[in-house]
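Asks: any chance you can model this:
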Amino acid sequence: MAKHLHIIGICGTAMAGLAALAKDKGWQVTGSDAGIYPPMSTFLEQQDIKMYEGFSADNLNPTPDQILVGNAISRGNPELEALMDMGLQYCSGAQWLFENVLSERHPVVVTGTHGKTSTTSLIAKVLDSGGWQPGFFIGGIPQDFGQGVRFPKSKWVVVEGDEYDTAFFDKRPKFLHYRPRTLILHNLEFDHADIYPDLEAIRKQFRLLLRSVPASGHVIANGDDPEIKALLPYAFSKLVTYGFSKENNYYAKLLQKDCRRWQVCSNEQTLLTVDWNLIGRHNVINGMAAAAVALVHGMEPEQVKVGLQSFKGVARRLQKRCELKDITIYDDFAHHPTAIKTTLQGLKAVAGTRGRVWVVLEPRSNTMRRRIHQDRLGDALSPADKIILARPAPRGLTKEELLDVDVIVKNLNIEKNSPKGDSAYVVADAAEAVDLLTNQWQPWDQVVIMSNGGFDGIHAKIEAQLIE
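Replies: Predicted structure coming up:
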């Protein structure tokens, strides 16, 4: 009889993915959550996984063999309190993933402040295209696979290594559970201000992670990132670097300004030339990480090229939502100044002089709503011609702690020599943003909506205006 796994907080992206992996492994899976709604509810229904609406001790009857407690579940939750009173076995999702999927395989773990989802998806695609049949666990939806998880059919498992904490009883980063044999260090900046007091606190966790890679393993690092370079002396494993600088073991040479054509080089030799539909230097560096992983482990350059060029992208990573009346709308998940700036620079290269680039940004994450990036956000947004910045929700922050969007917008208008204040705007909500857009957009405009949430269904509102 199949063992029964129950997941408290099953509708989180990571926990839903674990549910699917457990089902593939042969477990009977159930779960509960306070909000059961698409897209995760649809995904779980397709997996034939039973879900309970709300948290209750009744959800633990019949008694599961093992229980996973989601990262968002805290003491006081009635279902959590019941399982603890009953003395039932429970663990975190990260622990379960290691013990049931990663422990007897070759985990390829991708870490970094931004670009993790796209880079993990690219590595999975390249390995899959080369016939290596990898499993993967990704915090997004790669369009090549249609879902972010797959149980491995070989020794290879590609995992997005999250530095956020693990569970109410385990405040270590999730990635410390994964014990990579190949570790990708993509970039490092300050983030997650709700759990890390400063950048040094994050550096410490990365140094601990480096200790978990065996000497026979590989650390594959972005040699252009100064924070990553400073970590490399702490590695005990084989070191391989990638980037744009020729000092790296593998380096990129750009052949087009929009970065749609580029080469992977090593020791002054061109290994392969990539022609793809992705834009921007940030996507090239993601592709370089994927190429380095595959080449280091023996894949032929031509196979790497095929995998990179056939990559369809990731949902919500500069994903084209619609193109009507010569206006293009994109959806993007970026919520860190570096990611915002590189994405806008890439889009500006595509728009050229023919059209304008609009950005609509909702500062929604715990870090973005704070003044952590107050001095950097204006510069990050500056590549856009038109900027709409939503006023962040306080959600427990004082006025002094909250991001001051008025100052950012005022400085952007000064920088862009817009005395009438018609280059950058503050809006209260999505409806106001849509009104601004529809009154001013022109043919050939490129509009990117940036939010790590849904921003009040803004995409559908914009598309409805374009259809009229």
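Asks: please count neighbours and contacts with C-alpha atoms only from this point.
Replies: Fine.
Asks: and the spatially most central residue of the chain, its phi and psi?
Replies: In the chain, the residue lying closest to the centroid (C-alpha atoms, centre = their mean) is T117, at 3.9 Å. Phi and psi for T117, reported as degrees, to the nearest 10, are phi -60, psi -50.
Asks: now L122
Replies: phi -60, psi -40.
Asks: same deal with the one 3 residues further on?
Replies: Comment: the main-chain dihedrals of K125 come out as phi -60, psi -50, following degrees, to the nearest 10.
Asks: didn't the residue nearest to the centre of the chain look like it was pressed against G140?
Replies: Yes. Counting by C-alpha atoms under 8 Å, G140 is a contact partner of T117 at 6.2 Å.
Asks: now do the shared contacts for the two.
Replies: By C-alpha atoms under 8 Å, 6 or more residues apart in numbering, T117 and G140 have these common neighbours: V314.
Asks: ok, now how distant is T338 from C259?
Replies: 17 Å (C-alpha to C-alpha, to the nearest Å).
Asks: when those two are compared, which one has more neighbours?
Replies: It is C259, of T338 and C259, that has more neighbours when counted by other C-alpha atoms under 10 Å, with 23 against 18.
Asks: contacts only, for K174.
Replies: Residues near K174 by C-alpha under 8 Å, 6+ apart: 94, 161-166.
Asks: show me those residues that map onto strands.
Replies: When the contacts of K174 are checked against strands (DSSP state E), the matches are 165-166.
Asks: and which of the contacts of K174 is nearest to I220?
Replies: G161 (13.8 Å; C-alpha to C-alpha).
Asks: verify the stated contact: the closest one with H177.
Replies: No. Applying C-alpha under 8 Å, one finds G161 not in contact with H177, separated by 9.4 Å.
Asks: isn't there a helix covering C265?
Replies: No. Applying DSSP: H, G, I helix; E, B strand; the rest coil, one finds C265 to be strand, outside a helix.
Asks: can you check the pLDDT for it?
Replies: Looking at C265, its pLDDT stands at 98.
Asks: likewise for T30?
Replies: 97.
Asks: next SSE downstream of the helix or strand it falls within?
Replies: Per DSSP states H and E: T30 is located in strand 28-33. Counting by DSSP H and E, the next helix or strand C-terminal to strand 28-33 is helix 40-46.
Asks: domains for the chain, by residue range?
Replies: Structurally, the chain divides into domains by automatic domain parsing as follows: 4-88, 96-309, 319-467.
Asks: end to end on the longest one, go ahead and measure it.
Replies: Meaning domain 96-309. Chord length of domain 96-309, first to last residue, is 34 Å (C-alpha to C-alpha).
Asks: likewise for the shortest one?
Replies: Its first and final residues considered, domain 4-88 spans 13 Å by C-alpha to C-alpha.
Asks: and M299, what's its pLDDT?
Replies: Value listed for M299 in the pLDDT field: 98.
Asks: quick one, phi psi at it?
Replies: The phi/psi pair for M299 (degrees, to the nearest 10) is phi -80, psi 140.
Asks: verify the stated contact: it with G130.
Replies: Yes. Assessed by C-alpha under 8 Å, M299 is found in contact with G130 at 7.4 Å.
Asks: any chance you could map the helices in the stretch 301-450 of the chain?
Replies: Using DSSP state H, counting those that start in this stretch, the helices of the stretch 301-450 of the chain run over 301-309, 337-351, 374-381, 405-415, 430-440.
Asks: weakest of those in terms of mean pLDDT?
Replies: Looking across those, the weakest by mean pLDDT turns out to be helix 337-351, at a mean of 86.
Asks: re the thing from before, what is the nearest of the contacts of K174 to V304?
Replies: Checking the contacts of K174 against V304 with C-alpha to C-alpha, the nearest one is G161 at 22.5 Å.
Asks: so what's the closest one up against?
Replies: Contacts of G161 (C-alpha under 8 Å, 6+ apart): 109-112, 116, 174-175, 178.
Asks: so how far is Y425 from it?
Replies: Computed as C-alpha to C-alpha, the G161 to Y425 distance reads 36 Å.
Asks: do the same with P392
Replies: According to C-alpha to C-alpha, P392 stands 14 Å off from Y425.
Asks: what ranges does the stretch 1-150 of the chain have for its strands?
Replies: Assigned by DSSP state E, counting those that start in this stretch, the stretch 1-150 of the chain shows strands spanning 4-8, 28-33, 50-53, 66-69, 90-92, 106-111, 135-137, 149-150.
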